[in-house]
Structure formats: structure tokens, C-alpha cells
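# structure, please.
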Amino acid sequence: MNNDIENYKEFLISRILLRDIEEYTKEDKEKLQFLRRDKVDDIVISVEYTSSSIIGGIEELFLAIEEYLEKDSKNYELIKMGSLGLCSKDPMIGIQLPGKTNLILQNINLENFQTVFEGVFSKHINLEYIFGQFRNDLLEPWEGITFIDEIAFFANQQRVILNNCGKINPESIDEYIANGGYKSFVKVMNNYTRDEVAEIIEKSKLKGRGGEGFLTGKKWKIAINTDSNNKYLICNAGEGDPGAFSERFIMESDPHKLIEGIAIALYGIGAKKAYIYVDTENKLAIERLTIAINSAKEYGLLGHDVFQSGNSFDIVIRKGAGAYVCGEETALIKFLEGERGMPINKPPYPATKGLFGAPTVVNNSETLINLPKIFEKGPKWYRAIGIDSSKGTKVFSLAGKVENCGIIEVEFGTKLREIIFRVGGGVLNGKKFKGLHIGGPTGRVVAEQHLDEIIDFENENIGENLDGGIIVLDEDTCVIDTVKYFADFLKNQSCGKCIPCREGTRRISEILENITKKPVDNDNHTTLYRFKGVMQLENLAEVIKETSLCGLGKRAANPVLSSLKWFREEYEEHIFDRECKAGVCQELRTFIIDVEACIGCTICAKKCPTGAIIGTQKAPHFIVQDNCIGCGICYKSCKFNAILSM
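Down below sits the predicted model:
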């Protein structure tokens, strides 16, 4: 950063936040260029430092880079950045030389980083380690290097709310403000009444991203029109869905945008205090949110009498244990009140009687992150994105058997095919696409014929399940095993308050467990019993859906019902043929030893975890089927092809 820039706080508040862009002087714009790193005097090295890259080993690499730079005589700036979202490529590192665009490196490790860095410093780069470069008209581009926005993963997205991720330091309020941050918040306070704020949100047709797709502005108006001395805002940033990590990603990569969205919402509904509910294990997200809140207070954006407007705002982080049921708003409110997180009957709805008995707006974090952009560009601009029934963009965790795993943002109306094969780069290792699971544990499984379905709240197959991730399934995936995993998860996550959910999820799990293991008897009666259990699932599901207290129970059978509808042949295969063609359900597999091929080497017997293989050395061995668990270790270890899978 330019050493001549001093007193960022005073400059950013008095010259940037509290003035219109048309009033910026030439000196103001030049300072902003350095704060945004449109220009740099020193070499800037930016390291993606998120939970994903930590798993990829960035902690040790960052320390090694830091030690290496301390020994070099050149002037460097080393920064911890958020992620671009392509988590399967983490960790990625950016290098920006004075006058040149920011170059993004890949495949960097402890052994090669010094060589790669020195090559870039001397402008002799090895393309093997280059991912791409950021586009910046103020800087000279690297010749022959692809721009980031031309890479398929990014070119097929519409990044409205993720636009800062991987580009700014998430721990720097200066960078956030320099890139337009908190401008919308100041604009809202200076130009609109609370009623006008809610009206603008309703005109934008922003729908809640927590799953139900309820109009955000309509919910706000209910709270505004409810008379009370106190009102509260709750930001639900808890992520109980296994396989989903978009909430955590946003908090780690762009925490100030969430804080700004919350501040706008506080003003809009006439509340003074907001709670951010976040899972305890998301330590880095909590750390960066804490830094963002403290920085906002230091700059006068939160606290008492913000900018002498008469408005006071406070934001408190509340850590949760990751209970899935706390995704339901009344259960979350109970938790915040110090009680066990359990849902209650509605009405009254939280917007009229919520936290501590006061009107409370509960919004998902992704919903709130949309607010700064809506007030920056206007509701008409926002309505132009998406389709008639669903406006704006949607963020997903893209995971499973897909080439490009990570966090993506696509416009409503985008086809699933485009997400999987353009953004995601297709099925991993060139395998055949089987289907996908969308919407977390209570989501749905859809098949290949649904690839041309669009992302839309009104879509009957996936519309109510847009709050979780997308998990891609390939030909080697067993749909029954996938559904069984989610059924077991829901069984354990049920709060137990209502009988339909408590007992129904348990029974669903039992039925699925029963058909994914070998029956005790191989007669027709046993087969009929197993098939009858599956048939009960549909009736059971309807009972759970109609009588459960909250959304967890009402949607608990979605994975089962959707998989029965589109993958019924796999259920029949497991029940009648007692076979899992994907080879995933171990307890359905049967292994035998070909006595003519077996030479009695004893390798399989030594590796069998249950001692199911018997025999003497240099003589044919045998498998005791009652002891075999179908793990396949013997099959993989046999060098003479003497073990057969049946």
C-alpha cells in the first residue's frame, strides 16, 4: 500500500462515505486506486486463507512464505484474502507487481513456491502454475494469460453478491469501503424512511433465501406495522446441512457485506439490535465477523447515534452447536432466549411476536447480503435479474462427483445442466452423470431427465429446496446409500418434540437400513417384507408431512419420495436382486473363493477384519458367509483373481 496514504479512517468517512461520487476530487480517486490495489508501489502477495484452503495446507505454506519474504530485500505486502470460490483448486495465491495485473497461481506448495515466485518477479512465468489474471484496465495485462472472467467456472456465473470474494482482504474495512462498501447503508439512512426502505425491498421482489422463498419486504412490513417498544433482527448464518458451506464461505470472504446488510435491515425494520447465529465450529468465520463488527464500531457505522442520525445499532454474535432444527425460526428464537432449540406452533409468527416476545425479523444471511446491492443499483435493476417468479441470483455449494467443487452464484432461471456441465466442468473423471441431490438433508434427488429444470422457487421438483447445496451423483454412486445417509442424519437431528417427526424419521431410517444389507433368510417371504417396508414409506411420508410441527419433519421424507419416484429400479435391485450395482452397499455384496485359482497364500485371511476367511497355507481357502461384512478387502488384496464378487 502507498506509504503516503495516512489517516484512512478520516479520509474514508469524510471524503468517501459522506460525499457523493461526483464530489470526489482527483486526489480522492488516486487514494482509492491504491486502497483498491488498482495501483501498487510494492509487490503484493495475496493468499487465499479460508477453511477450504486451510484443509489444503495453507497455514504451513503461509508461514513459509512469510519467512521467505522477511529474508528478501524487496518490498512486499503479504495479505490474507478470501476465496474466489473454486475450492477444488485451493489454495490459490495472487501476485501483483507494480504496473501489472494481479496474477493468480495454482498448484503452489512448500517445495515449489520460491521457484515460482522468483520466476514471476523476473517476469519469466511457468504456465503450469498459472490459473489466470484479473482484468483491470488501469494495469498492463500479462501476455498470453487467460483472464479470470473468461474461465468457464466464472464466465457462466453471475456474481452479484460474491463479487468481492477473493478480491479484497476480508479483515480490512478500508478495502471494503474503498470498493463501495457501506455506501448503501449511509444512503439508506440519509435518504429513506423506514417505510420507504421496506417498500423498496418489496419492489425488488427479493425472496428469502432460507428455503421458503417468502417475500422479504412483506415480512419486514409485518414487523414494522406491529406496535412495540423493542424489535429485533436475527441473521440465521447457521449451516446445519452436511455438504453445504456457502454461509461460512461468505462470512470468511466478505464479512463486511453481511454487516452492512444487517445494518440496513436494522434501520429498515426500526430495530436496534441484531443477533447473528453461527455454528461454533466455524471459527474463522466468527473471527472475521468479530473483526468486521469491531471495525464498523470504530468507524462509527455501528454503536450509539450513528453519524449523529439518532439511530443506534448493535450486532451480537451467538454461537450455536450446529443443530439442524435451529434452521427453523421459532426453534432458533428459543435457542437465543437460552432455552432448548425446539419449534413452537405458529401463529403468532415471529414478525409479530418473536424474540423476548417482541416483533422479530428472521432472515437468512444470503438474503441480507443482497441488500447493499439493491440500494446501490435500485429495485428495478434487481428485478431485471432472474425470472418473473424468482428475482436475483442464488448461491449454492457445488460438491460431489463434479470437476469444479466450490461456491457458485447463478441467476434464477439457470438450468441445472448449465450448473453441472459449464460451471461445474462436468462429472468427475469423465464418469456418467446419474443425478443430483439439491437442498440438503430435506432436499430432493433428481435424475438425468431433470437437467433442463431451472433454478426457480416455483419449480415443483426443486423449488422448495434451494437453501442447501447441490451434490452431483455419478454412475458409481448408490442413490439408496445417499438417501440413507440423510435419513440417518434427520433421525439424529429431530428435536423429538412431535411424534410424527421423531418416530417417522426413525422408521424411514430403519427401512432404508434394512434394504441395504443382506436379509437373514433368502426366501420370498423376506423379499416381500422388505418390499412392503418400502411401500410404507410413501404413506409414512404423507403422515409426517401433514402432521409434523416444523419444516424439518414436513420435508423429512423428500429424499426418499423423490428417489422412489426417479430411481425406483435401484430400490427393486436392492430388494429383489439383493445387489448394489454401484458396489457401495457393502452388506449386500457376497464374495466367494475359486478353489481352483486359490494357491493358499493367506494374504486375504491376514487382511480380513472379521476373520471370515479360513484355510491352511498352500491350500484353498474358504469364506464363512455369516462372518463376512462385504468390505471387499480380500477382493482387492488377492493377486491371483481367486476371489469373486457375486
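
# residue 467 and residue 210 touch, don't they?
Yes - between residue 467 and residue 210 there is a contact under C-beta atoms under 8 Å: 5.5 Å. Every C-beta, even on glycine, is put in place using the N, C-alpha and C of the backbone.

# who's more crowded, these two?
The residue with more neighbours, out of residue 467 and residue 210, is residue 467; 25 against 20, by other C-beta atoms under 10 Å.

# would you map the helices across the stretch 1-150 of the chain?
8-10, 26-35, 51-55, 58-71, 113-121 (DSSP state H, counting those that start in this stretch).

# between those, which gets nearest to residue 16?
Distance to residue 16, taken as C-beta to C-beta, is lowest for helix 26-35 among these, at 7.1 Å.

# roughly how far apart are residue 322 and residue 83?
21 Å (C-beta to C-beta, to the nearest Å).

# can you check residue 492 too?
Distance, residue 492 to residue 83, by C-beta to C-beta: 30 Å.

# before we move on, the earlier item: so between residue 322 and residue 83, which is more surrounded?
Neighbour count, other C-beta under 10 Å: between residue 322 and residue 83, residue 83 has more, with 26 against 17.

# quick check, residue 473 in contact with residue 437.
Yes - with contact defined as C-beta under 8 Å, residue 473 and residue 437 form a contacting pair (6.7 Å).

# shared neighbours of the two, which are they?
Common contact partners of residue 473 and residue 437 (C-beta atoms under 8 Å, 6 or more residues apart in numbering): 400, 445, 482.

# who touches the nearest residue to the last one once chain neighbours are set aside in this structure?
Residue nearest to residue 482 in three dimensions, not counting chain neighbours: residue 437, with 6.2 Å by C-beta to C-beta, 6 or more residues apart in numbering. Contacts were defined as C-beta under 8 Å, 6+ apart; by that measure residue 437 touches 400, 443, 444, 445, 470, 471, 473, 482, 486, 559.

# give me the buried entries from the residues you listed.
Using 16 or more other C-beta atoms under 10 Å as the burial test, those include 400, 443, 444, 445, 470, 471, 473, 482, 486, 559 as buried.

# out of the residues you listed, which sit inside strands?
In this view, these that belong to strands under DSSP state E are 400, 444, 445, 470, 471, 473.

# looking at the shared contacts of residue 473 and residue 437, which one is closest to residue 278?
Closest to residue 278, out of all of the shared contacts of residue 473 and residue 437 and judged by C-beta to C-beta, is residue 400, at 24.8 Å.

# hey, what's the closest one bridged with?
Beta bridges link residue 400 to residue 472, judged by DSSP bridges.

# and this protein, what are its domain boundaries?
30-146, 181-382, 385-477, 480-575, 590-645 (automatic domain parsing).

# among the ones you listed, show the one with the smallest mean pLDDT.
Ranked on mean pLDDT, the bottom entry among those is domain 480-575, at a mean of 82.

# how far off centre is that domain?
26 Å (C-alpha atoms, centre = their mean, to the nearest Å).

# in the stretch 451-600 of the chain, which spans are helices?
According to DSSP H, counting those that start in this stretch, the helices that the stretch 451-600 of the chain contains are 479-493, 499-515, 524-547, 551-554, 558-566, 568-575.

# okay if I get those as a markdown table plus distance to residue 226?
A markdown table is the format used below for these (distance: least, C-beta to C-beta, whole Å):
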| stretch | distance to residue 226 |
| --- | --- |
| helix 479-493 | 32 |
| helix 499-515 | 30 |
| helix 524-547 | 30 |
| helix 551-554 | 23 |
| helix 558-566 | 33 |
| helix 568-575 | 48 |
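
# so which of those helices is nearest residue 201?
Closest to residue 201 of these is helix 551-554 (C-beta to C-beta; 23.2 Å).

# how many neighbours does the residue lying closest to residue 100 once chain neighbours are set aside have?
Computed as C-beta to C-beta, 6+ apart, the closest residue to residue 100 that is not its neighbour in sequence is residue 140, at 5.5 Å. Using other C-beta under 10 Å, residue 140 has 10 other residues around it.

# quick thing: my sequence starts at 8, can you match it?
Got it, the first residue is 8 from now on, which makes the last one we talked about residue 147.

# hang on, residue 147 packs against residue 106?
Yes - contact criterion C-beta under 8 Å: residue 147 and residue 106 qualify, at 5.6 Å.

# tell me how far residue 181 lies from residue 24.
Distance from residue 181 to residue 24, by C-beta to C-beta: 12 Å.

# what's the answer for residue 396, then?
Using C-beta to C-beta, we find residue 396 at a distance of 36 Å from residue 24.

# ranges for the strands of the stretch 258-407 of the chain?
Assigned by DSSP state E, counting those that start in this stretch, the stretch 258-407 of the chain shows strands spanning 280-286, 321-327, 367-371, 393-394, 397-398, 400-407.

# out of these, which is the most enclosed?
Of the strands of the stretch 258-407 of the chain, the one with the most neighbours on average (mean count of other C-beta atoms under 10 Å) is strand 367-371, at a mean of 27.

# now it - C-alpha only, CSV.
What follows is strand 367-371, C-alpha atoms only, in CSV (Å, rounded to 0.1, in the frame of the first residue of the first chain):
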residue,chain,number,x,y,z
THR,A,367,-38.6,-10.1,15.2
VAL,A,368,-37.5,-10.5,11.6
VAL,A,369,-35.5,-13.7,10.9
ASN,A,370,-33.5,-13.5,7.7
ASN,A,371,-31.0,-15.9,6.2
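
# packing partners for it?
If you count contacts as 3 or more C-beta pairs under 8 Å, 6 or more residues apart in numbering; DSSP states H and E, strand 367-371 packs onto helix 223-231, strand 239-243, helix 262-276, helix 336-343.

# can you put these in CSV and add mean neighbour count and distance to residue 94?
As requested, these are exported to CSV (neighbours: other C-beta atoms under 10 Å; distance: least, C-beta to C-beta, whole Å):
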stretch, mean neighbour count, distance to residue 94
helix 223-231, 21, 28
strand 239-243, 26, 23
helix 262-276, 27, 18
helix 336-343, 23, 27
